[in-house]
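*Asks:* Here you go, sequence then predicted model.
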Amino acid sequence: MAEPAHMTEREIDRSQMKISDEVAIDIRKMNKWYGDFHVLRDINLTVYRGERIVVCGPSGSGKSTLIRCVNRLEEHQAGEIIVDGTELNSDLKNLDKVRAEVGMVFQHFNLFPHLTILENCTLAPIWVRKTPKKEAEETAMHFLRKVKIPEQAHKYPGQLSGGQQQRVAIARSLCMKPRIMLFDEPTSALDPEMIKEVLDTMIELAEEGMTMICVTHEMGFAQAVANRVIFMDAGQIVEQNEPKEFFTNPKSPRTQLFLSQILGH
Amino acid sequence: MSETHAETAFARKAPVAFVADGQIPASPPPSTAVGPVKWVKDNLFPGPVNTILTLASLAFVALLAYEILPWLIDSSWAPADMSLRGCRAEASGACFAVINERFYQFIFGFYPPEHYWRPTLAFIVVVVSLWPVLFPSAPRKLLILSALSPFICYWLIWGGSIWGPVAVLAAPAVGWLIAAKGGGAITKIVGEDFGPLATIVAAVAGVAIWLLFFLGPVTGALISIAPLALEEVASNRLGGFMLSLIIGLVGIVGSLPLGIALALGRQSKLLIVKAISVGFIETMRGVPLITLLFVASTLLNYFMPPGSNFDLILRVCIMVTLFASAYMAEVIRGGIAALPKGQYEAADAMGLTYWQSMRFIILPQALKISIPNIVSSFIGLFKDTTLVIVIGLLDPLGLSSAIRADQAWNGIVWELYGFIALFFFIFCYGMSRYSQYLERKLRTDHR
């Protein structure tokens, strides 16, 4: 099998990675349509606290849509999604509660270009969590140090490289002290040199026991960090397994084809 | 086969293997690539066509100066006989005596001369209260003056008892009191879900009741205790640049927030809010301003209770504001539409409410993008204030017609219009420069 690209050389510390029996996200018979187009079909997925799930699959398979349903950036039309015991429906109060607990990192970072890095990180804690400004800034600096860019705190996003921006985006999400983190192709818009720095940040997060769902094409990351890999195609979950089994012994012919294409070259 | 052929041919001409000896040191550019020599060469004489154009332009400027300068230089400011005839007797050029004689009229219209200090003071108040709004370096406490300045200026210019403006000023305080003190009780009665909405409705109703039923009696009572009045000046005595500035400033200050509200309303998912916004915007934009001014001057009176005296200038100000806000709404909507979807998603994903994401994320960026267009709208609005001439208000253009009707100045054209044009140019150019300053200041994408 091909050597995983962009991977960190160091040994991954698994002492904090514990999966509990507590259900973090429960998705039951969830369906979604864009107009007449059936994008997500009968999705059943239970995520336990502490799990690190990688979702992969060809483009258009609905993997991004799936995680965007978890914080209701996309609305599902049938079935149910329960996040941290709160069901997602049209009730806006539930929605704000869920969104405050679920952090999300986007492919294109989506930092706020008119605010400094520090302001990007403190906005939601101050206005959603009602944290005092000073405390929010201390928390922000703590997480900026963690993603190794505290010195950029007073710059604007436009002055940072792509990799730095994505690390700021991760720090911004962490400042809300989320219980679950969603990553929507966090490295797809980055130069190869910058992918590693973002993946390293994500690995550290995993080492601390964060519950994560990552949509990514970084199979090296999946093998090193994930406890479960989900393969999606044409709007449904085709196969899921622990990474070793998934990569060495894929069951579905569709998975085999996909893996041979992305790992074979 | 042919490929290898090509490769060997290339290899013979240029050896494939190459290693740099080291870093090439940086050196200064040649003297022709920097400084004024380069600027003249690049900007004035880059090639034969441009050289010809440069020379032609210079000739045109010279011709213009040759025609206009003697007119300006050989002008008369204060002839013995203050009339066009007197000017012509003394000098062959421009007759600026008309501006000399009618200067105060141009500025104040027919405002009583002994009270000129009042609009002058109002102008100073406006300048001081715009300072903290336009420049963040100004002391923040001046913003209190900015908030009060409309009332101060109204009182200074129109006169009357101070209690009228104070009683109107009390209206927002009434609304705030109801919202702040009564909000809890209202929420208890109607329940959590409708609490905020009911509080807003109650506050608005409180303000309306205050304005309709209590304003008159309270003002009357206060006047009988202590008049504190300035001599009243009727609206028909206001005119000139003062009138343009009043209408223009009210329109500018009023249309921006109203335009933002309409732009958000038009983007809203709430059907009725959206329908009202779209209806308002399209109606206002679909009607010429002159029509609206006629509505303000004549039609609006039919809807008022008989005997009520609703000031004409106030009516015009309201119409101009509504008209400008429809344009403003579309300009701002353009700015909002230009933002990538990711900005909304990031704000949503962090759990910000709709109003929070609008206030902190969407509007600051949308307004920044829209600055050039917003200022264009402002400039257009300011120049449109001259249209009030059609309903008989004496703006500078109206005054110039009145002046030319005077026998002493009959036949004078260039000097009057030139002076008015200069006034408008100064203000419009000022706005344009400010917008450029603001754009530079708000740039955050510099590397």
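*Replies:* That came through, no problem.
*Asks:* can you map out the strands along the chain?
*Replies:* No chain was given, so I picked chain A. Listed in chain order, the strands of chain A (DSSP state E) span residues A:23-34, A:37-48, A:52-56, A:78-83, A:86-87, A:102-105, A:180-184, A:211-215, A:228-233, A:236-241.
*Asks:* You answered for a different chain; I wanted chain B.
*Replies:* Per DSSP E, chain B carries strands over the ranges B:160-161, B:229-230.
*Asks:* which of the ones you listed sits most buried?
*Replies:* Most buried of the strands of chain B by mean neighbour count (mean count of other CB atoms under 10 Å in any protein chain shown) is strand B:160-161; its value is a mean of 18. C-beta: built from backbone N, CA, C; applies to glycine.
*Asks:* Give me the distance between residue A:161 and residue A:168.
*Replies:* 11 Å (CB to CB, to the nearest Å).
*Asks:* neighbour-wise, which of these two wins?
*Replies:* Higher neighbour count among residue A:161 and residue A:168: residue A:168, with 26 against 15, using other CB atoms under 10 Å in any protein chain shown.
*Asks:* What score does that one have for pLDDT?
*Replies:* Residue A:168 carries a pLDDT value of 94.
*Asks:* With adjacent residues omitted, what lies nearest to it?
*Replies:* Of all residues not flanking residue A:168 in the chain, residue A:117 sits nearest, at 5.3 Å (CB to CB, 6 or more residues apart in numbering or on different chains).
*Asks:* quick one, what contacts residue A:49?
*Replies:* A:19-20, A:22-24, A:179, A:211 (CB atoms under 8 Å, 6 or more residues apart in numbering or on different chains).
*Asks:* Out of the strands of chain A, which is closest to residue B:39?
*Replies:* Of all the strands of chain A, it is strand A:102-105 that lies closest to residue B:39, at 48.0 Å by CB to CB.
*Asks:* got any ranges where chain A has weak pLDDT?
*Replies:* A:1-9, A:264-265 (pLDDT under 70).
*Asks:* go again using 80 as the cut-off
*Replies:* Residues of chain A meeting the criterion pLDDT under 80: A:1-11, A:92-93, A:263-265.
*Asks:* Ok, the stretch 51-200 of chain B next?
*Replies:* Where the stretch 51-200 of chain B drops to pLDDT under 80, the residues are B:164, B:167, B:172, B:178-199.
*Asks:* tell me the contacts of the most centrally placed residue in chain A?
*Replies:* Centroid-nearest residue in chain A: residue A:183, 2.0 Å away (criterion: CA atoms, centre = their mean). Applying CB under 8 Å, 6+ apart, one finds that residue A:183 lies in contact with A:67, A:104-105, A:202, A:212-216.
*Asks:* Now with 10 Å, please.
*Replies:* A:54-55, A:67, A:103-107, A:166, A:169-170, A:173, A:198, A:202, A:205, A:212-216, A:221 (CB atoms under 10 Å, 6 or more residues apart in numbering or on different chains).
*Asks:* filter the residues you listed by proximity to chain B?
*Replies:* By CB under 10 Å from any CB of the partner chain, the members of the contacts of residue A:183 lying near chain B are A:103-107, A:169, A:173.
*Asks:* and the two most separated of those residues?
*Replies:* Going by CB to CB, the pair spanning the ones next to chain B among the contacts of residue A:183 furthest: A:103 and A:107, at 15.0 Å.
*Asks:* what's near enough to touch the residue nearest to residue A:168?
*Replies:* By CB under 10 Å, 6+ apart, the neighbours of residue A:117 are A:111, A:140, A:144, A:149-157, A:159-160, A:164-165, A:168, A:171-172.
*Asks:* got the contact list for residue B:295?
*Replies:* Residue B:295 touches B:287, B:303, B:315, B:319, B:391, counting by CB under 10 Å, 6+ apart.
*Asks:* Filter these down to just the ones in helices.
*Replies:* Among those, the members found in helices (DSSP state H) are B:303, B:315, B:319.
*Asks:* Out of those, who's the most crowded?
*Replies:* So for those (other CB under 10 Å), the most neighbours sit at residue B:319, 23 neighbours.
*Asks:* Looking at that one now. What's its pLDDT?
*Replies:* Looking at residue B:319, the pLDDT reads 92.
*Asks:* any weak-confidence spans in the stretch 201-350 of chain B?
*Replies:* In the stretch 201-350 of chain B, residues with pLDDT under 80: B:210-229, B:300-310.
*Asks:* Alongside chain A, which residues does it contribute?
*Replies:* So the stretch 201-350 of chain B meets chain A at B:339-350 (CB under 10 Å from any CB).
*Asks:* Surely residue B:300 and residue B:312 touch.
*Replies:* Yes. Residue B:300 is in contact with residue B:312 according to CB atoms under 10 Å; the separation is 9.4 Å.
*Asks:* Those two - which one has more neighbours?
*Replies:* residue B:312 (20 against 17).
*Asks:* Now do the same contact list for the nearest residue to the more buried one once chain neighbours are set aside.
*Replies:* Using CB to CB, 6+ apart and skipping the chain neighbours, the partner closest in space to residue B:312 is residue B:235 (5.4 Å). By CB under 10 Å, 6+ apart, residue B:235 lies in contact with B:157-158, B:243, B:309, B:311-316, B:393.
*Asks:* Tell me which two in those are the farthest apart.
*Replies:* Using CB to CB, the two most remote members of those are B:243 and B:309, lying 18.9 Å apart.
*Asks:* what about the two, which has more around it?
*Replies:* Higher neighbour count among residue B:243 and residue B:309: residue B:243, with 26 against 8, using other CB under 10 Å.
*Asks:* I'd assumed residue B:387 was in contact with the more buried one.
*Replies:* No. Counting by CB under 10 Å, residue B:243 stays clear of residue B:387, with 11.9 Å between them.
*Asks:* got any residues that touch both of those two?
*Replies:* With CB under 10 Å, 6+ apart, residue B:243 and residue B:387 have common neighbours B:316, B:393, B:395.
*Asks:* I'd assumed residue B:298 was in contact with the first one.
*Replies:* This means residue B:316. No. Contact between residue B:316 and residue B:298 fails when scored by CB under 10 Å: they sit 11.9 Å apart.
*Asks:* joint contacts of those two?
*Replies:* What both residue B:316 and residue B:298 touch, as defined by CB under 10 Å, 6+ apart, is the set residue B:391.
*Asks:* More neighbours: which of those two?
*Replies:* Per other CB under 10 Å, whichever of residue B:316 and residue B:298 has more neighbours is residue B:316, with 26 against 11.
*Asks:* where's that one relative to chain A, distance?
*Replies:* 37 Å (CB to the nearest CB, to the nearest Å).
*Asks:* Equivalent analysis for residue B:432, please.
*Replies:* 23 Å.
*Asks:* ok, how many other residues are close to the residue nearest to that residue when sequence neighbours are not counted?
*Replies:* Leaving aside its sequence neighbours, residue B:432 sits nearest to residue B:375 (CB to CB, 6+ apart; 6.5 Å). Using other CB under 10 Å, residue B:375 is surrounded by 21 other residues.
*Asks:* Need the contacts of residue B:235 in CSV (columns: distance to residue B:206).
*Replies:* Listed next are the contacts of residue B:235 as CSV, based on distance: CB to CB, whole Å:
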residue, distance to residue B:206
B:157, 29
B:158, 26
B:243, 34
B:309, 25
B:311, 25
B:312, 29
B:313, 28
B:314, 23
B:315, 25
B:316, 29
B:393, 35
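*Asks:* Among the residues you listed, which lie within helices?
*Replies:* Those of the contacts of residue B:235 lying in helices (DSSP H): B:157-158, B:243, B:312-316.
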